[in-house]
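Novice: Structure for this input, please:
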Amino acid sequence: MSFEILRFPQQPLPQHPQAKRWAAMLRDLMTAMGDQLYWGCFVIVCAALFIGGLLFAAWEGRW
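Specialist: This is a model prediction of the structure:
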């Protein structure tokens, strides 16, 4: 399964050396392990919502 819509277009990188290095690293991450990165973010967001729901339920006393 691949997310072609979410891939970033190949744009010219910024000229600042530090920014250029970070942009190249981010672009390599997105192209090399794009699917894993998106699914990892999805799992982290779902886990955060679940834990937040549990904390809210405990805070409100509706466990």
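
Novice: Show me the shaky parts of the chain.
Specialist: Scanning the chain for pLDDT under 70 picks out 1-15, 34-35, 62-63.

Novice: can you do 50?
Specialist: Judged by pLDDT under 50, the chain has its weakly predicted residues at 1.

Novice: give me the number of residues near A23?
Specialist: 16 (other Cβ atoms under 10 Å). In short, each C-beta sits where N, CA and C put it, glycine included.

Novice: Would you mind listing the buried residues in the helix or strand harbouring it?
Specialist: For A23, the host element (DSSP states H and E) is helix 17-32. Buried residues in helix 17-32, defined by neighbour count with 16 or more other Cβ atoms under 10 Å: A23.

Novice: next SSE after it?
Specialist: Remark: after helix 17-32, the chain's next helix or strand is helix 34-60, criterion DSSP H and E.

Novice: ok, now which ones touch A47?
Specialist: By Cβ atoms under 8 Å, 6 or more residues apart in numbering, no residues touch A47.
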